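**Student:** Build me a model from this:
(chains A and B)
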Protein chains: 2
Amino acid sequence: MKVDKLPTIKRLPTYLRILRDLSTEGKDFVSSSHLAKVLNIEPILVRKDLVLTGIVGTPRIGYHISDLIRSIEDFLGWSDSLDVFLIGAGHLGTAILGYKEINNYGHRIVAAFDKDPLKIGTSVHGIGVLDIASVPELRKKMNVRLAILAVPAEQAQGIADFLVEAGIQGIWNFTSVNLDVPDGIITHREDLISGLAVLSVKMARHM
Amino acid sequence: MKVDKLPTIKRLPTYLRILRDLSTEGKDFVSSSHLAKVLNIEPILVRKDLVLTGIVGTPRIGYHISDLIRSIEDFLGWSDSLDVFLIGAGHLGTAILGYKEINNYGHRIVAAFDKDPLKIGTSVHGIGVLDIASVPELRKKMNVRLAILAVPAEQAQGIADFLVEAGIQGIWNFTSVNLDVPDGIITHREDLISGLAVLSVKMARHM
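**Tutor:** Numbering: from 1, shown residues only, chains lettered A, B, ... in the order given. Okay, the predicted model is just below:
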């Protein structure tokens, strides 16, 4: 992926959130300048962002909100609900299960897995915790492609190998490990330290 | 902050990690093309990134590694260890306390706070959990400027107001709420859904 597209892609969920709010308020159209103001970026950047999803606004009218929502969801592949496995039901995994936002963006955590016998069979935020050994069978049965990895760093690579072997195609990696995966397997690591860098620069410069 | 600087700032911790590894291996110099390869970006982008921190490489020699580390740390304001308060010792807060990476990047969580009497007085990953009511007094005594907010969404704004009142100047916000803070107070929200968007686009396009 071209690095210069990343900031646009990262902003798309924020557009979705704003557009859904406007739609709920009964609005039909929105201007790029309104979106720019809410996002605190330039209107030209809004138009460049949205063109990536294949939609162009009409001068003086703006964007049709429901078309724009559909266009962004299609671009992200979020039109259908995507089932996800959560791997690791420790503190981080439990926090992720409690993060309801995920459900608002086309994804649904359908099962959590752990290797700890004390956790297996329990339920966290209404999701059952299953034995990690059952991932291969259930992945096939439920046709799940995406897994959230929330295990201790020292187990991350081994469990990632196991998930890939089981047919998982995408790993949303919440560990601090850069995973080594075969070609064709997609990973994205949540790098919290990037956020700390942004905050630090803002604080040092009062921006 | 100019939006176009954000991707650079987010990459700076990764540069630091790579440079420290090279330094540990006994290397003194590094080329922009080597850094580009490890980061999977173009060499020209590496040079543009690093110029932001005020350093320019020497043709055919590259960058002096220890100078470059100092330059990035100074730019980020990470040269001195910065003390941080963690607000909220639930599952997310506990996961953050266990995320040792933070200590490698100039920050140190010195105390955790909660309002739950069952948590107050306990210790999580070696850090004591204190009564949130003691934040104002301890903030002043320890001269802490930065707080990590890991509380339930419905309490986020109220507790942020309380932190600002207590003299906290920066909030690293792990809740799903966009905080409303006075001018001069810096916040950065970890927006997990942005990461999900990047992963989704990569999976849809096999990039």
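
**Student:** is chain B contacted by the lengthiest helix in chain A?
**Tutor:** Ranked by residue count under DSSP state H, the longest helix found in chain A is helix A:6-24. Yes: against chain B, helix A:6-24 shows contacts by Cβ under 8 Å from any Cβ of the partner chain at A:Leu6, A:Pro7, A:Ile9, A:Lys10, A:Arg11, A:Leu12, A:Pro13, A:Thr14. Glycine gets a C-beta too; all of them are placed from N, C-alpha and C.

**Student:** Tell me the pLDDT of the fourth one.
**Tutor:** Which is A:Lys10. Per-residue pLDDT puts A:Lys10 at 88.

**Student:** dump the residue contacts of it.
**Tutor:** Taking Cβ atoms under 8 Å, 6 or more residues apart in numbering or on different chains, we find A:Lys10 in contact with B:Asp191, B:Ser194, B:Gly195, B:Ala197, B:Val198.

**Student:** and if we set it to 10 Å?
**Tutor:** B:Leu6, B:Pro7, B:Lys10, B:Asp191, B:Ile193, B:Ser194, B:Gly195, B:Leu196, B:Ala197, B:Val198, B:Val201 (Cβ atoms under 10 Å, 6 or more residues apart in numbering or on different chains).

**Student:** hang on, the earlier thing: and the residues of helix A:6-24 next to chain B as JSON lines, adding distance to A:Val177?
**Tutor:** Putting these into JSON lines (distance: Cβ to Cβ, whole Å) gives the following:
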{"residue": "A:Leu6", "distance to A:Val177": "21"}
{"residue": "A:Pro7", "distance to A:Val177": "25"}
{"residue": "A:Ile9", "distance to A:Val177": "23"}
{"residue": "A:Lys10", "distance to A:Val177": "22"}
{"residue": "A:Arg11", "distance to A:Val177": "27"}
{"residue": "A:Leu12", "distance to A:Val177": "27"}
{"residue": "A:Pro13", "distance to A:Val177": "25"}
{"residue": "A:Thr14", "distance to A:Val177": "28"}
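
**Student:** how many other residues sit next to the closest residue to A:His125 other than its chain neighbours?
**Tutor:** Nearest residue to A:His125, sequence neighbours excluded (Cβ to Cβ, 6 or more residues apart in numbering or on different chains): A:Leu97, at 4.3 Å. The criterion is other Cβ atoms under 10 Å in any protein chain shown. On that basis, A:Leu97 has 22 neighbouring residues.

**Student:** I'd say A:Leu97 and A:Ala112 touch.
**Tutor:** Yes: with contact defined as Cβ atoms under 10 Å, A:Leu97 reaches A:Ala112; the gap is 6.4 Å.

**Student:** intersection of neighbour lists for those two?
**Tutor:** Taking Cβ under 10 Å, 6+ apart as the criterion, A:Leu97 and A:Ala112 both touch A:Leu86, A:Ala89, A:Ser123, A:Val124, A:His125, A:Ile127, A:Val129, A:Ile148, A:Ala150.

**Student:** out of these, which one sits closest to chain B?
**Tutor:** Lowest distance from chain B to those (Cβ to the nearest Cβ) belongs to A:Ala150, with 8.1 Å.

**Student:** what helix or strand is A:Val198 on?
**Tutor:** Using DSSP states H and E, A:Val198 sits in helix A:192-205.

**Student:** Mind giving me the packing neighbours of that helix?
**Tutor:** Contacts defined by 3 or more Cβ pairs under 10 Å, 6 or more residues apart in numbering or on different chains; DSSP states H and E place helix A:192-205 against helix B:6-24, helix B:65-76, strand B:82-87, helix B:101-104, strand B:107-114, strand B:146-149, strand B:170-173, strand B:186-189.

**Student:** what do you get if the cut-off is 6 Å, keeping everything else the same?
**Tutor:** Here helix A:192-205 touches helix B:6-24, strand B:170-173, strand B:186-189, going by 3 or more Cβ pairs under 6 Å, 6 or more residues apart in numbering or on different chains; DSSP states H and E.

**Student:** per-residue pLDDT, A:Ala147?
**Tutor:** Value for A:Ala147, per-residue pLDDT: 97.

**Student:** again with A:Gly26
**Tutor:** For A:Gly26, the model assigns a pLDDT of 92.

**Student:** Same check on A:Met207?
**Tutor:** A:Met207 is assigned a predicted lDDT (pLDDT) of 48.

**Student:** Contact residues of chain A facing chain B?
**Tutor:** A:1, A:3, A:7, A:9-10, A:12-13, A:41, A:76-77, A:91-92, A:94-95, A:101, A:105, A:170, A:172, A:176, A:186, A:188, A:190, A:193-195, A:197-204, A:207 (Cβ under 6 Å from any Cβ of the partner chain).
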